[in-house]
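Novice: fold the stuff below for me.
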Amino acid sequence: MNTTEDTIVALATPSGIGAIGVIRLSGPDAITIAQKVWKGKDLTKQPSHTLHFGRVMDGDMELDEVVASLFVAPRSYTRENVVEISCHGSNYIIEAIIKLFIKNGARAAKAGEFTLRAFLNGQLDLSQAEAVADLIASNSKASQQIALQQLRGGFSNQLSHLREQLVQFASLIELELDFAEEDVEFANRDQLKKLIQEITKVIGSLIQSFELGNAIKNGVNTVIAGRPNAGKSTLLNALLNEERAIVSHIPGTTRDTIEEVLNIKGINFRLVDTAGIREATDTIEQIGVQRTMEKISQSALLLYVFDAAQITPEELAADLQSLQTPGVAMLVVANKIDLLSRKDGKSGSPQDESGINELLSDFRTSGLSDFIGISAKEKQHIDELKQQIYAAAIKENLSGHETLVTNIRHLEALQKTEESLVRVLDGIDGVTSDFLSMDIKQALHYLGEITGAVTTDDLLENIFSKFCIGK
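Specialist: From the prediction side, this is the model:
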């Protein structure tokens, strides 16, 4: 059972030795508990949002010189009295101060309990509280911007507005049930139909945004695949601008997957360099090829790399057909364009763009998908490839202002809301008011689950148990 009657304490900074550690107290007795062990100005008489230098005392023994940050309710993160003690980052000192606070009436906080209290006390709604965890876990500019936008209430405000409109019609339909014997309609069915269609359109747009939102939040799974010696590992090194993978002229050098993260325009791409796809010559290589196919099926984007100087259009077409995977976007990369010979027979002479395009046109005229020509070894057109990788994964322009769904819990609630609204539309001209009311109430319920207007202890436990202790 959730309660805010006691005072909780935890380390708010990461554990481990550092310059400082911040210990957070929150609850009705936070200031008085801190005062019991404090030597300095009387904290109970100080205004909110002030800093105070003093000492933490365990009886006559001084534990540390610290700075106390004071936040008086309701002007705090949790809307409770909050004291944050900035002490030296010794594990011994931090543990000693926390134990001292517990001895004087506080208890150890559970995972996410500070943010849970912020939610229970009305400081944040549930989607904003979840955005706190996303903001802490953000590892790119784009994921940070989305989490910040949700923390500021952009998602919540949009859903609250939709819910308010539905509530108004639900109230009118409930009123009709009270006058069932009079056979009157208080809710205009045409207006209700128009509203449901508008809301369904917005809900559908939010559901569609999940693919992009999830990619930004968790990164885009991107597999580099192709035949042995096509230059996959060289390409990985060129994209990362470092020697991450072993490069050799011997086919089959890469026998297991290598994974690295590449950031393009604020989006993380989780690159996976895989074993070459061919008939394996031994058991180990066979396992590597199997893992390659598994990684492709789990990816969002496939970079198929081929040796433009060796492969025929027919072989390329066969490879592309075998690698087509539902739900996986494919970008075809012609590598080793630096080795292409001019058609005038002067092998090894410098290549101009027109000559290279003429040679590559043999592949394009074979009815194959368009592709980009690069030299991973010479790092030719790598920047252009990065732009195409970004465009293939992020199909929309990101302004930072649009609402994107990044949370699977929110997605499921939106899908259930949409299903309920479809039932309302299907029955609006034929079913009785009590059935309409039931479907609208279900839609309101699922929308309420997102923002926390509808909650259960199990739901809150599941969400906040994933937070770090101290947040």
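Novice: number of residues surrounding E315?
Specialist: 12 (other C-beta atoms under 10 Å). Using the backbone N, CA and C atoms, a C-beta is placed for each residue, glycine as well.
Novice: any idea how far it lies from K232?
Specialist: 16 Å (C-beta to C-beta, to the nearest Å).
Novice: ok, now L148?
Specialist: With C-beta to C-beta as the criterion, L148 and K232 are 37 Å apart.
Novice: which of these two has more residues huddled nearby?
Specialist: Per other C-beta under 10 Å, whichever of L148 and K232 has more neighbours is K232, with 32 against 15.
Novice: give me the domain ranges for this protein.
Specialist: 8-125, 130-209+404-452, 221-393 (automatic domain parsing).
Novice: so can I have JSON lines of those domains showing mean pLDDT?
Specialist: Listed next are the domains of the chain as JSON lines, based on pLDDT from 0 to 100:
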{"stretch": "domain 8-125", "mean pLDDT": "95"}
{"stretch": "domain 130-209+404-452", "mean pLDDT": "82"}
{"stretch": "domain 221-393", "mean pLDDT": "76"}
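Novice: out of the ones you listed, which gets nearest to A215?
Specialist: Nearest to A215, of all the domains of the chain, is domain 221-393, at 6.2 Å by C-beta to C-beta.
Novice: can you map out the helices along the stretch 1-150 of the chain?
Specialist: 30-36, 91-103, 113-120, 126-137, 141-151 (DSSP state H, counting those that start in this stretch).
Novice: could you identify which of those helices is most buried?
Specialist: helix 113-120 (a mean of 23; mean count of other C-beta atoms under 10 Å).
Novice: kindly format the C-alpha coordinates of that helix as PDB.
Specialist: Output of helix 113-120 as PDB, limited to C-alpha atoms (Å, rounded to 0.1, in the frame of the first residue of the first chain):
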ATOM      1  CA  GLU A 113       9.700   6.300  -4.200                       C
ATOM      2  CA  PHE A 114      10.600  10.000  -4.400                       C
ATOM      3  CA  THR A 115       9.000  10.200  -7.900                       C
ATOM      4  CA  LEU A 116       6.100   8.000  -6.700                       C
ATOM      5  CA  ARG A 117       5.400  10.600  -4.000                       C
ATOM      6  CA  ALA A 118       5.600  13.400  -6.600                       C
ATOM      7  CA  PHE A 119       2.800  11.500  -8.500                       C
ATOM      8  CA  LEU A 120       0.700  10.800  -5.500                       C
END
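Novice: quick one: contacts of that helix?
Specialist: 2, 4, 8, 10, 12, 24, 26, 77-80, 124-126, 129, 132-133, 452, 460, 464, 467, 469-471 (C-beta atoms under 8 Å, 6 or more residues apart in numbering).
Novice: go again with 7 Å.
Specialist: Residues outside helix 113-120 that contact it (C-beta atoms under 7 Å, 6 or more residues apart in numbering) are 2, 4, 8, 24, 26, 77-80, 124, 126, 129, 132, 452, 460, 464, 467, 471.
Novice: do the same with stretch 296-303
Specialist: So stretch 296-303 is contacted by 215, 220-225, 323, 325, 328-331, 333, 392-393 (C-beta under 7 Å, 6+ apart).
Novice: again, but for stretch 323-339
Specialist: 225, 230-231, 235, 296-297, 299-309, 320, 351, 356, 360, 363, 369, 371-378, 380, 385, 388-389, 392-393.
Novice: repeat the analysis, applying 6 Å as the threshold.
Specialist: 230-231, 296-297, 299, 301-305, 307-309, 356, 360, 369, 371-376, 378, 388, 392 (C-beta atoms under 6 Å, 6 or more residues apart in numbering).
Novice: list the residues that contact the closest residue to E384 other than its chain neighbours.
Specialist: Computed as C-beta to C-beta, 6 or more residues apart in numbering, the closest residue to E384 that is not its neighbour in sequence is I372, at 6.3 Å. Taking C-beta under 6 Å, 6+ apart, we find I372 in contact with 333, 385, 388.
Novice: wasn't the first one part of a strand?
Specialist: Put plainly, it is V333. Yes: counting by DSSP: H, G, I helix; E, B strand; the rest coil, V333 falls inside a strand.
Novice: A309 versus that one, what's the distance?
Specialist: With C-beta to C-beta as the criterion, V333 and A309 are 14 Å apart.
Novice: these two - which one has more neighbours?
Specialist: V333 (24 against 14).
Novice: the strands in the chain, which residues?
Specialist: 8-11, 18-26, 38-39, 50-58, 61-71, 82-89, 107-108, 220-226, 258-264, 267-273, 301-307, 329-335, 371-373 (DSSP state E).
Novice: would you mind giving those as JSON lines with distance to D426 added?
Specialist: As requested, the strands of the chain are exported to JSON lines (distance: least, C-beta to C-beta, whole Å):
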{"stretch": "strand 8-11", "distance to D426": "49"}
{"stretch": "strand 18-26", "distance to D426": "49"}
{"stretch": "strand 38-39", "distance to D426": "65"}
{"stretch": "strand 50-58", "distance to D426": "60"}
{"stretch": "strand 61-71", "distance to D426": "52"}
{"stretch": "strand 82-89", "distance to D426": "51"}
{"stretch": "strand 107-108", "distance to D426": "52"}
{"stretch": "strand 220-226", "distance to D426": "37"}
{"stretch": "strand 258-264", "distance to D426": "44"}
{"stretch": "strand 267-273", "distance to D426": "39"}
{"stretch": "strand 301-307", "distance to D426": "38"}
{"stretch": "strand 329-335", "distance to D426": "35"}
{"stretch": "strand 371-373", "distance to D426": "46"}
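Novice: nearest to E95, out of the ones you listed?
Specialist: Of the strands of the chain, nearest to E95 by C-beta to C-beta is strand 8-11, at 8.9 Å.
Novice: ok, residues contacting the longest helix belonging to the chain?
Specialist: With secondary structure taken from DSSP state H, the chain has its longest helix at helix 154-178. Identification of contacts with helix 154-178 by C-beta under 6 Å, 6+ apart yields 125, 127-128, 186-187, 192, 195, 199, 403, 433-434, 436-437, 440, 444, 447, 450-451.
Novice: of the residues you listed, just the buried ones, PyMOL syntax please.
Specialist: This is how PyMOL selects the buried members of the contacts of helix 154-178, with burial counted by 16 or more other C-beta atoms under 10 Å:
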select buried, resi 125+127+128+187+192+195+199+403+433+436+437+440+444+447+450+451
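Novice: burial count for the nearest residue to L459 once chain neighbours are set aside?
Specialist: Nearest residue to L459, sequence neighbours excluded (C-beta to C-beta, 6+ apart): E449, at 7.4 Å. When neighbours are counted by other C-beta under 10 Å, E449 registers 22.
Novice: now E449: how far from G21?
Specialist: Computed as C-beta to C-beta, the E449 to G21 distance reads 37 Å.
Novice: picking that back up, what sits in contact with each of V333 and A309?
Specialist: Going by C-beta under 6 Å, 6+ apart, no residue sits against V333 while also sitting against A309.
Novice: how close does Q415 sit to I450?
Specialist: According to C-beta to C-beta, Q415 stands 12 Å off from I450.
Novice: among the contacts of helix 154-178, which ones are in helices?
Specialist: 127-128, 192, 195, 199, 433-434, 436-437, 440, 444, 447, 450-451.
Novice: and which of the residues you listed is nearest to K36?
Specialist: Using C-beta to C-beta, the ones in helices among the contacts of helix 154-178 come closest to K36 at Q128, 33.8 Å.
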